[in-house]
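Q: prediction below, plus the sequence it came from.
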Amino acid sequence: MNFLPVLYHIARADFLERVRRPSFFIVLIISLYGGYFFAPSADAGYVTVAIGNYRGIYNSAWIGAVFSLMCSTFLSLIGFYLVKNSIARDRETNVALLLASTRLTGFQYLLGKTFSNFAVLSAIVGALLVTAVVTQLIRAEDTSIDLWQIASPSLIMALPMLLVISTIAVFFEITPLLRGALGNVAYFFLWNAILIISLVPTEGRGKLVTGLNDLPGITRLFESMAKELEPTMGVLSENVSLGIQIITDGATNATYVWSGMDWHPSLILERLVWIALALGIVSLATLVFRRSESLSISPPKAKGTEPPASEVVVVEPLNTHARLTRLDVTPKMSFLPLLRTEIWLATRGLNRWWYFGMAALILVTLVTPLTVARQYILPLAWIWPIAIWSAMGTREPKHRVEQIIFSAPHSLRYQLPAMWGTGIIIAAIAGAGMGARFLLAGEMNSLFAWSVGILFIPTFALAAGVWTGRALLFEAVYVALWYIGPMNQVPFIDFMGATPEVTPAITLSFAIATAALAVLAVAGRRRQMMT
Amino acid sequence: MQLSIGTLSKQYRGGVWGLRDFSIDLKPGILGLLGPNGAGKSTLMRILATVTKPTAGEVRWNGIDTTKEPNALREVLGYLPQDFGVYPHLTAQEFLEYLAAAKGLHGPAAKKRIEELLLLVNLMDARQRQVGGFSGGMRQRVGIAAALLNDPKLLIVDEPTAGLDPEERVRFRNLLSDLSGERIVILSTHIVSDVESIATGIALINRGKLLMHAPPEDLLTKAEGKVWEMTIAAEQLSTLRQQYLVTAVVRRADGMRVRIVSETSPGSSALPATPSLEDIYLWYVAYDRERAAA
């Protein structure tokens, strides 16, 4: 088979299928909107990229670097979740069956999918570069446009990072353990590690490490940006800031002129290493790739109750002699039986290690010092059931049972609350130990936050699930919130009482958010039920 | 017990009409809804099952508008969609227990009903197996059992024989016939043999419109004197097809035995034949296509 044309057509078909979906345009619009605010005006009250108290004037070089940093950092996070569905779609649409019966090699297939992922992310980068030009003109600090200065940081720094992310998405999709919620959580930590590693200082020199630890290209850009300021700067790694930094009262943000990157050959070579790494990941993925398993072509194996081969049940033809009697009771909707069956459904398919882990977390919450339990164990206990929560509202479309469920009477009044109740019960059980500790210690603010957390998490999951039909949105956003808030002890994003400083006002804001999400969930379900 | 459908229309995004001014009144019995792929059968079924909202028109169940009060119908509805899935980790029994609870049936009554249904669809021995491992035919049986859980007054089955082998199709057909009794059964299909022996009424649908609704015997009477059979040389077939609606061709030693639907005799050697429902179906659909092309 002709390698390149095949590769081109796999990537092209997949790319077109994705960019023609409305969801792509929503992401694109959000990205462009985000891009515009990533280069804030002088009086915006915040900066996103700064070296100490300095930021560059908005010339093409600085704008180009800012947009490149945005792509390397934020787009590499959101983008992973955006593209990590390429192989899953082939499975769901049965296109996998058609492809698997061809002479297509695993390497061609996975490389094609990688290029498709990369093309989707590159399309967003391309749109962001247009925004960069517009932003520079609007900010009007320097209106001379240099297209190379604007585009080169994204092309040389961000795109290799996004190529690697594209391959990681493919790798995660074909690895059974990383395909679901665990993979989505694991990627968040991997992304975090990539950013941290790129900024690790060495040998106490205070200089940023450059070279092969810097996949996002952050260090290289900051190093160049800081060069002109170096005599007045302290330790560079402690003075760079990336992300929204609020300018406090009285503080000023001085500007300086940065003339852009010097793209010397060694730097280009350094970036090529990352492209080689991406190809290496695809090659590794090819070794892991099991055509029939990864594309779900083998019939699903029943677990647990599957009888041994010697006892395989012979299914008799449809019974034409049996007669169905009239139902002697009138069906009457009842919440509790439905709740029971929803709990069943939610916990089916979990293995014994999951239950063991859950029990261990509850136990550890009870026996560790309160500060440890609050700061570390409670967040862990409330990330453990993430797959159960993220299935809420998405289970019906995923398994194509929505027509059957939604045509049942009073589904909105009974089935939806039963599903929601299941999520709440799971949250309450997982956090039970911590709730008891807060109560015994008389920490009422924390107990209040904990109580709201029990409602907030499943409500958020349900709303995200019914509106998107997929688990990804909740898994990605929840993990980010969980990490930034409770894990990093940031009180104003603490929705569970993991920080001692959490106030009733903060908790109340999450309670209001919960109520809003509940309304959103009901509205979304109503829309789901009758298209 | 009456289901009245009045000038029902459904327009999809892009302006495509899935259903247009469809009206029909139904009483207990089996309605065979016949139409080619894309005719609008599934759109109609989904609207009747209250999972799709019509753009215009109304559906009334015993006088109640189901687009405004869907639960009035859902309480007595059994619906087997054309394309449905299962929760793969549940056993057949658990899946039915879950759906029973969703339909308001629980406790011993649910257990008894599920047992009876498992016997009916002959899945008693496989009831403890996870449905993820079931074949297409077995899943279809689980689907019909699920649809019958609440002893529905209105049973809607959308292309239920798709994917079943011929023997199983016959059994399934008989099962539906037995189930009809005091309920309205709507069976959609594009396979005429699925409905010709069991339907008490036939509705022909094409391009979202109702072409004809009548008892099968009335349809057959209408076609009397319009169906012909004749033997021709193989090379004449394409010319004949351009002039007449050929509904069947059988290759024989003396040439091609063709079956034709035509108001007038297609040739001197043509002999009148007994009409079948398939002839009528093809005739109406072809006529509708001609009308659309004109």
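A: Yes, it's here. Predicted model, so just to flag it, every value in this text is computed and none were measured.
Q: rest of the way, CA atoms for contacts and neighbours
A: Fine.
Q: quick one: least confident helix or strand in the chain?
A: You didn't say which chain, so I picked chain A. Lowest on mean pLDDT, DSSP states H and E among the helices and strands of chain A sits helix A:236-239, with a mean of 59.
Q: if you could check chain B rather than the one you did, that'd help
A: Sorted by mean pLDDT, DSSP H and E, the helices and strands of chain B end with helix B:166-180, the least confident at a mean of 82.
Q: that one near chain A anywhere?
A: Yes - counting by C-alpha under 8 Å from any C-alpha of the partner chain, chain A has neighbours in helix B:166-180: B:168, B:171, B:172, B:174, B:175, B:179.
Q: including neighbour count and distance to residue B:161, could those residues go into a markdown table?
A: What follows is the residues of helix B:166-180 next to chain A, written out as a markdown table (neighbours: other C-alpha atoms under 10 Å in any protein chain shown; distance: C-alpha to C-alpha, whole Å):
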| residue | neighbour count | distance to residue B:161 |
| --- | --- | --- |
| B:168 | 15 | 8 |
| B:171 | 15 | 10 |
| B:172 | 24 | 7 |
| B:174 | 17 | 12 |
| B:175 | 19 | 12 |
| B:179 | 20 | 16 |
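Q: which stretches in chain B count as helices?
A: In chain B, helices defined by DSSP state H lie at B:41-48, B:70-74, B:92-102, B:107-120, B:136-148, B:166-180, B:216-222, B:237-243, B:277-293, listed in chain order.
Q: point me to the residue of chain A nearest chain B.
A: residue A:333 (4.0 Å; C-alpha to the nearest C-alpha).
Q: show me the contacts for the residue of the stretch 101-250 of chain B found nearest chain A.
A: For the stretch 101-250 of chain B and chain A, the shortest gap (C-alpha to the nearest C-alpha) falls at residue B:104, measuring 4.0 Å. Counting by C-alpha atoms under 8 Å, 6 or more residues apart in numbering or on different chains, residue B:104 makes contact with A:331, A:332, A:333, A:334, A:409.
Q: where does pLDDT dip in chain A?
A: Applying pLDDT under 70 to chain A flags the ranges A:1, A:201-211, A:230-238, A:248-253, A:292-322.
Q: which SS class is the residue most central in space within it?
A: Nearest to the geometric centre of chain A sits residue A:476, at 2.6 Å (C-alpha atoms, centre = their mean). Residue A:476 falls in the helix class when you classify it by DSSP: H, G, I helix; E, B strand; the rest coil.
Q: find the nearest non-adjacent residue to the spatially most central residue of chain B, please.
A: The centre of chain B sits closest to residue B:188, judged by C-alpha atoms, centre = their mean, with a distance of 1.4 Å. Spatially, and ignoring its direct neighbours in sequence, residue B:188 is nearest to residue B:33 (4.5 Å; C-alpha to C-alpha, 6 or more residues apart in numbering or on different chains).
Q: do a quick rundown of the strands in chain A.
A: Ranges of strands in chain A, per DSSP state E, are A:46-51, A:54-56, A:240-246, A:254-256.
Q: mind listing what's buried in stretch B:1-11?
A: By 16 or more other C-alpha atoms under 10 Å in any protein chain shown, the buried positions in stretch B:1-11 come out as B:2, B:3, B:4, B:5, B:6, B:7, B:8, B:9, B:10.
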